[in-house]
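Novice: Kindly return the folded structure for what I paste below:
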Amino acid sequence: MDAFFASVEQMDNPELRGKPVAVGGTSDRSVVSAASYEVRKYGVRSAMSVVKARKLCPEIILIPGRMKRYKEISRQVMAVLAEFSPTVEQASVDEAFLDGTGLERLFGPIDQVGRRIKARMKEATGLTCSVGAAPVRFLAKIASDLDKPDGLSVIRHEDMHEFLYTLEVGKIPGVGGKLMEILARMGVRTCGDVLKKPRAFWEERLGKYGGALFDRASGIDPNGVVPSEAAKSCSAENTFQEDTTDRELLRQWLLAQAERVGEDLRRHGYKGRTVTLKVKFADFRQITRSRSLDARTDNTAIIYETARDLLKQVELKRAVRLIGVGVSNFSARSRQVNLFEEAPAGLEATSELDRAVDAVRKKFGGKAVTRMELLGFKKKPTNTAE
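Specialist: All right, here's what the predicted structure looks like:
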């Protein structure tokens, strides 16, 4: 999808269309999560600090992210793709791979398939996307970036090697800055430069990475399209406007996050056995602490109490910048209690309470019901991720 988060905001609010919009926090400690094409003209990019973004574009409009809304549109995006191919692998909230084998027999030549996907996506979501098609996976990814926004690029089998010969090695997914530095010292800039030496040469100098590099430069990719797996974890975390050592404040954040995680688990029918606490300190040192439960759960109270107990074990010698809680080790199946095993005390009652709260919030909004422990609690993080 094209500038996904920012495009959703511009679609939902027509006053933002054509303006330099970025999604992210508004404080100086925040970073840009997504940038519209209007603001990219100034050099603003995702993961850039808000301070730098404001210097590059003083007129920038910063909007807090709405992950729930983005996920809603993402599900529509993936549903559209499933109309065209039974084999869809979701790579991120706004990107996926499709196995196009045989699609020509249903929808015509591959470039026509791309145009039909784009038209259907616009019809279903109101947003534009860029499509890339190629004989192998990594080249399809590269092709999708060649003509953004609202682009369509096809690399045909007969043109693949000519295209690769002049392709900069940095365009190959997985080739990062460190490897680029090594290759630059060796005078390697394009895939054609890589192919001037045999595969054994690269394996000797770079090990398995050298072999993979040579394969990509040759147009070889052993990775096919694998249908997306179910989620493996669910988490929520927040970065604070000001670093803190206030344990009571941290506990309140854990409760608010446990509510979000629990609600998400119940909505998707998952239960998890492992609860993980994440803490990032002011010096950016990060730790995680995990505990495995006797039984899988989607219970907000159990998630919170476990995370709270894990926090008690953490020494706060430095102020905390970020805190988060997650649940993993999922099962989508109900657990059957053994005839001779007592159900955990209060578990069913609390689960009923959770479901009742979920139903009220779904009908009347997220603020319709508030836990007593969170009365007066004001959520003002600089950044939120789920």
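
Novice: what's the pLDDT at residue 167?
Specialist: For residue 167, the pLDDT comes out at 95.

Novice: Repeat that for the one 3 residues further on.
Specialist: At residue 170, the predicted lDDT confidence score is 92.

Novice: cool, and the one 3 residues further on?
Specialist: Reading off the per-residue confidence, residue 173 sits at a pLDDT of 86.

Novice: How about the contacts made by residue 20?
Specialist: 36, 38-39, 41-42, 44, 57, 59-61 (C-beta atoms under 8 Å, 6 or more residues apart in numbering). Using the backbone N, CA and C atoms, a C-beta is placed for each residue, glycine as well.

Novice: The chain - how does it break down into domains?
Specialist: As assigned by automatic domain parsing, the chain contains the domains 4-65, 233-385.

Novice: Confidence-wise, which of the ones you listed is weakest overall?
Specialist: domain 233-385 - the lowest mean pLDDT of those, at a mean of 80.

Novice: Please identify which helix or strand holds residue 241.
Specialist: Using DSSP states H and E, residue 241 sits within strand 233-244.

Novice: Remind me what that strand packs against, helices and strands.
Specialist: Secondary-structure packing of strand 233-244 (3 or more C-beta pairs under 8 Å, 6 or more residues apart in numbering; DSSP states H and E): helix 247-268, strand 271-281, strand 320-331, strand 381-385.

Novice: related to what we said a few turns ago, counting neighbours, which of the contacts of residue 20 comes out on top?
Specialist: Counting neighbours by other C-beta atoms under 10 Å, the top entry in the contacts of residue 20 is residue 36, with 27 neighbours.

Novice: Please enumerate the strands of this protein.
Specialist: Secondary structure of the chain (DSSP state E): strands at 21-24, 32-35, 61-63, 88-92, 95-98, 131-133, 152-154, 233-244, 271-281, 286-297, 320-331, 381-385.

Novice: want to throw these into CSV with distance to residue 107?
Specialist: Output for the strands of the chain, formatted as CSV (distance: least, C-beta to C-beta, whole Å):
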stretch, distance to residue 107
strand 21-24, 34
strand 32-35, 31
strand 61-63, 37
strand 88-92, 15
strand 95-98, 12
strand 131-133, 12
strand 152-154, 14
strand 233-244, 36
strand 271-281, 40
strand 286-297, 42
strand 320-331, 36
strand 381-385, 37
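
Novice: closest one to residue 75 among those strands?
Specialist: For the strands of the chain, proximity to residue 75 was assessed by C-beta to C-beta; strand 88-92 is nearest, at 10.0 Å.

Novice: Show me what the closest one is packed against.
Specialist: helix 67-82, strand 95-98.

Novice: quick one: average pLDDT of that strand?
Specialist: Here the average pLDDT along strand 88-92 is 90.

Novice: What residues of that strand count as buried?
Specialist: Within strand 88-92, the residues that count as buried by 16 or more other C-beta atoms under 10 Å are 88-90.

Novice: any idea how far that strand is from the chain center?
Specialist: Chain-centre distance of strand 88-92: 11 Å, with C-alpha atoms, centre = their mean, to the nearest Å.

Novice: so what strands line up beside it?
Specialist: Here strand 88-92 is paired, per DSSP bridges, with strand 95-98 (antiparallel).

Novice: thinking again about what came up before, tabulate the domains of the chain in TSV, adding columns for distance to residue 160.
Specialist: Listed next are those as TSV, based on distance: least, C-beta to C-beta, whole Å:
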stretch	distance to residue 160
domain 4-65	28
domain 233-385	37
